[in-house]
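Trainee: Generate coordinates for the sequence data below:
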Amino acid sequence: MRNSRNFWRKYRWLWKCAEKPFLTEKLIHYFRQIPDYRCNREKRHNLAEMLVCVTIEFLCGRTTIRRSLNWCKHNLEWLRKHMELKYGIASPSTISRMLSGIDEELALCAFMEWIGEIVDSKNTHLAIDGKALCGATEKTKCAATPMILNVVETVRGLLLAQLPVDSKTNEIAVIPELLKLLDISGSIITIDAIGT
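Mentor: Numbers count the residues shown, from 1 in each chain. The predicted structure is shown next:
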């Protein structure tokens with residue numbers, strides 16, 4: 001259940017980090033590196049600021065766009081301490097269009113760089129596991145279920161990195177690429193039976 005204590009426990013630590021201005025400003029810095037694909041007449045809201053709003057709220061457990069934006073509207077003064085938000089909070093349809101058009105890989109890399117500054121992947125226990133996105137099967141053009149390979153830092157239960165698994169390969173081919181993204185010196189890495 002989403003309101004249970006276990007669900008919120010793993011996000012509480014990261015939310016405390018997000019409240020610190022220097023970490024929020026770094027997240028904006030990483031998201032500004034993502035190229036804005038929109039034409040000039042559609043650029044009322046800043047792309048990086050929209051991504052930061054959605055990301056911070058998702059980390060706090062607000063998993064829908066509407067809930068995220070409602071929280072942003074109620075906390076607009078606090079958000080303006082860290083971001084300009086010249087035109088306020090974007091509408092849900094604007095956020096949906098923005099999320100459907102950005103480069104997912106660049107957004108993922110920017111987020112992983114930010115997480116890498118918060119959570120140290122050295123000398124810890126990292127678990128590698130692949131997950132099938134069963135709900136996305138109907139939305140893909142091919143019949144194959146999309147797969148994502150994750151690296152989870154088990155102490156806090158935080159996801160440090162993830163990469164999609166191509167339908168023509170398997171998890172074993174993606175594991176070395178995923179581990180290159182992290183500093184794993186001194187860490188214990190575990191994997192399920194596919195690694196055998």
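Trainee: Next up, the contacts around Leu108.
Mentor: Neighbouring residues of Leu108 by C-beta atoms under 8 Å, 6 or more residues apart in numbering: Gln162, Leu163. Where you see a C-beta, it was placed from the backbone N, CA and C, and this is true even at glycine.
Trainee: got a pLDDT number for it?
Mentor: We note a pLDDT of 84 for Leu108 in this prediction.
Trainee: so how far is Asp129 from it?
Mentor: When distance is defined by C-beta to C-beta, to the nearest Å, Leu108 is 17 Å away from Asp129.
Trainee: Point out where this protein drops to low pLDDT.
Mentor: In the predicted model of the chain, residues 1-23, 135-143 satisfy pLDDT under 70.
Trainee: Centre-most residue in it?
Mentor: Among the residues of the chain, the smallest C-alpha distance to the mean C-alpha position (C-alpha atoms, centre = their mean) belongs to Phe111, namely 5.5 Å.
Trainee: Surely it and Val54 touch.
Mentor: No: taking contact to mean C-beta atoms under 8 Å, the distance of 10.9 Å between Phe111 and Val54 leaves them out of contact.
Trainee: where do the helices sit along this protein?
Mentor: When secondary structure is read from DSSP state H, the chain shows helices at 5-19, 21-31, 47-59, 65-74, 76-79, 92-101, 104-118, 171-180.
Trainee: got the angle for the fourth one vs helix 92-101?
Mentor: Between helix 65-74 and helix 92-101, the angle comes out at 120 degrees (axes from the mean of the first three to the mean of the last three C-alpha atoms, to 10 degrees).
Trainee: Helix 65-74 to helix 47-59, inter-axis angle?
Mentor: Interaxial angle, helix 65-74 versus helix 47-59 (the same axes, to 10 degrees): 110 degrees.
Trainee: Does Lys43 touch Met50 like I think?
Mentor: No: with contact defined as C-beta under 8 Å, Lys43 does not reach Met50; the gap is 10.9 Å.
Trainee: Could you check which of these two has the larger neighbour count?
Mentor: When Lys43 and Met50 are compared for neighbours, Met50 comes out ahead with 22 against 10, by other C-beta atoms under 10 Å.
Trainee: give me every residue that touches the more buried one.
Mentor: By C-beta under 8 Å, 6+ apart, the contact set of Met50 is Ala90, Thr94, Ile95, Met98.
Trainee: any idea which of those is closest to Ile34?
Mentor: Using C-beta to C-beta, the shortest approach to Ile34 within the contacts of Met50 belongs to Met98, at 10.5 Å.
Trainee: one step back: columns distance to Ile191 on top of the helices of the chain, output as CSV?
Mentor: Supplementary listing: the helices of the chain in CSV, determined by distance: least, C-beta to C-beta, whole Å:
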stretch, distance to Ile191
helix 5-19, 21
helix 21-31, 28
helix 47-59, 26
helix 65-74, 33
helix 76-79, 39
helix 92-101, 31
helix 104-118, 19
helix 171-180, 7
